[in-house]
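> no sequence on this one, just coordinates:
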């Protein structure tokens, strides 16, 4: 692919990849720190834990709901503008969170504003931009880099958030964190130009027609169903695993290391998945990933819980964690082309967020009802197998060719 | 298809990111370190390679009580209300002393940002 000009500057594919990685790293990294503010904010403001948790739940919901719309705007007006606007809203929501004194204002700032900002300044908008700005043979690899950068960002920003709070107190730390999101705005310039759609047919397709085409395509629904399971697994494990292993008498330190292992191995897994998705069948890769998750979870539940088994499980799950993103986004681009990719992948991501919500809720409900997580672990195994099966029949070619019976 | 040059590009990008982060963290740690007169519940960071027993002994010599261990053997959460705890810990070999904070509540993989209540 030839470099393109943006004003007087030359934008090369390498700059596009670097810009996407930086946006992903900052967007995900800043978000990783919100939990750190829970205790200091509650002790200062006198809110309940539920008040803070509801703000973050609203944030997740708004992120999921806003993603298809942010994607549609990015598809229409360019990813750069959406990323810049999203970063502004994201930063404003975080900064205003430092000044609010009532729960409703907290839910509007750290919840609604930050969630909607995230949907604009997210990795998923970057993946859509990659689809338009990079040559097809580089897209999966680049999406692996952006996904790995997002994971790395969460790892790197955690001590930054801690340091901000320790050095300057939580209100100023929130403002500094908001400022840390602002570099997305200039960096997004490298992702702002839209390439011409690949075909004339695509150029004439309206947004509504793209949605109708997607909703009539069975493989798209299979992809949506599969990504629901991804959200379920990730959220259930992330939220409930520390409590699960603590129930076996292991130190909370092991739980902290387990989450750390997931994050580190996730960086490796996401990059490797990006490379593999460019070389192998994406739907078979997804089937293998979900089947792998089912096997790893089953082994973990069936073997005695020790420090070693927890760390081995965390490493294995880390490799399979966000590795679903490059092949899933790659399949959306393959089925429908790059023009409406951000919106159509946003819809798939919304399914992921619903799965995440149910995974967290079901874990809590099952523990309250039965005093154990066993039922949800086995549901996770079943869902992993089901998701592997769901991806298997996906038609890995453009939706138009499938509709024409080619 | 990505080739060796692409993988080297990814590694270089990683090295740059980590390098910038380390630089930023060094500055941030300096800003976040407590002054010598600070006391209360604090995080004491001893040199890398210090074993837990040595860290505990050094903290005790500084007049601090162990509150909890951490992810690392050379990092302890300790407490003492007498003024000057941070300075005494440094005299006993601690690299730096920070305000105590929870190390839970991180979010990975972009799914959720809250943690469950500990109790």
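Thanks, I have the structure now. Quick caveat, the model's predicted, so the values are computed rather than measured.
> Just checking, which helix or strand succeeds the helix or strand where residue A:267 lies along the chain?
Assigned by DSSP states H and E, residue A:267 falls within helix A:252-279. Moving toward the C-terminus from helix A:252-279, the next helix or strand (DSSP H and E) is helix A:282-302.
> in the stretch 301-406 of chain A, what spans have low per-residue confidence?
A:405-406 (pLDDT under 70).
> Could you do chain B as well?
B:1, B:101-119.
> Mind doing that once more with 90?
B:1-7, B:25-26, B:28-33, B:38, B:48-53, B:66-76, B:82, B:96, B:98-119 (pLDDT under 90).
> Of all the helix elements in it, which one is longest?
In chain B, with assignment by DSSP state H, the single longest helix is helix B:4-32.
> can you check chain A too?
helix A:136-168.
> Report the angle between that one and helix B:4-32.
For helix A:136-168 against helix B:4-32, the angle by axes from the mean of the first three to the mean of the last three C-alpha atoms, to 10 degrees is 10 degrees.
> what's the offset of helix A:136-168 from the middle of its chain?
Computed by C-alpha atoms, centre = their mean, to the nearest Å, the chain-centroid distance of helix A:136-168 equals 11 Å.
> buried set for the helix holding residue A:267?
For helix A:252-279, burial by neighbour count (16 or more other C-beta atoms under 10 Å in any protein chain shown) applies to A:252, A:254-267, A:269-271, A:273-278. Where C-beta positions appear, they are placed from N, C-alpha and C, glycine not excepted.
> what does stretch A:25-42 give?
A:25-41.
> Likewise for stretch A:368-375?
residue A:373.
> on that earlier part again, intersect the buried residues of helix A:252-279 with the contacts of chain B.
Checked against chain B using C-beta under 8 Å from any C-beta of the partner chain, the buried residues of helix A:252-279 yield the following neighbours: A:252, A:256, A:257, A:259, A:260, A:262, A:263, A:266, A:271, A:275, A:278.
> ok, of those, which one's closest to residue A:77?
For those, the residue nearest residue A:77 by C-beta to C-beta is residue A:278; the value is 28.5 Å.
> Run a quick neighbour tally on the nearest residue in space to residue A:373 that is not next to it in sequence.
Distances taken as C-beta to C-beta, 6 or more residues apart in numbering or on different chains place residue A:244 nearest to residue A:373, at 5.1 Å, with adjacent residues excluded. Counted with other C-beta atoms under 10 Å in any protein chain shown, residues neighbouring residue A:244 total 24.
> Residue A:244 looks like it's in a helix, true?
Yes - the assignment for residue A:244 is a helix, going by DSSP: H, G, I helix; E, B strand; the rest coil.
> Now do it against chain B, distance only.
Relative to chain B, residue A:244 is positioned 11 Å away (C-beta to the nearest C-beta, to the nearest Å).
> Hmm, that residue is touching residue A:376, no?
No - contact criterion C-beta atoms under 8 Å: residue A:244 and residue A:376 do not qualify, at 9.5 Å.
> How much space separates the residue in chain A that chain B sits nearest to from residue A:55?
Nearest residue of chain A to chain B: residue A:35, at 2.8 Å (C-beta to the nearest C-beta). Distance, residue A:35 to residue A:55, using C-beta to C-beta, to the nearest Å: 11 Å.
> follow-up on the earlier one: do the longest helix of chain B and chain A meet?
Yes - using C-beta under 8 Å from any C-beta, helix B:4-32 reaches chain A at B:6, B:9-10, B:13-14, B:17-18, B:21, B:24-25, B:28-29, B:31-32.
> Just after that helix, pick out the following helix or strand.
Once the chain leaves helix B:4-32, the next helix or strand it forms, by DSSP H and E, is strand B:40-45.
> okay, now the nearest residue to residue A:215 once chain neighbours are set aside: neighbour count?
Nearest residue to residue A:215 in three dimensions, chain neighbours excluded: residue A:221, at 8.0 Å (C-beta to C-beta, 6+ apart). Here the number of neighbours of residue A:221 (other C-beta under 10 Å) works out to 16.
> Please identify the helix or strand for residue A:221.
Per DSSP H and E: helix A:218-246 holds residue A:221.
> what about that helix, average pLDDT?
Averaged over helix A:218-246, pLDDT sits at 88.
> what's the spacing between that helix and its chain's center?
How far helix A:218-246 lies from its chain's middle: 12 Å, per C-alpha atoms, centre = their mean.
> That helix versus helix A:282-302: what angle between them?
20 degrees.
> Go through helix A:218-246 and flag the buried ones.
A:219-245.
> any idea how far residue A:350 lies from residue A:66?
9 Å.
> actually residue A:284, not the one I typed
Taken as C-beta to C-beta, the span from residue A:284 to residue A:66 is 32 Å.
> Which one's more surrounded, these two?
residue A:66 (22 against 16).
> a helix runs through the more buried one, doesn't it?
Yes - per three-state DSSP, residue A:66 lies within a helix segment.
> Specify the next element, helix or strand, located C-terminal of the helix or strand containing residue A:361.
Assigned by DSSP H and E, residue A:361 falls within helix A:341-370. As assigned by DSSP H and E, the chain's next helix or strand after helix A:341-370 is helix A:374-391.
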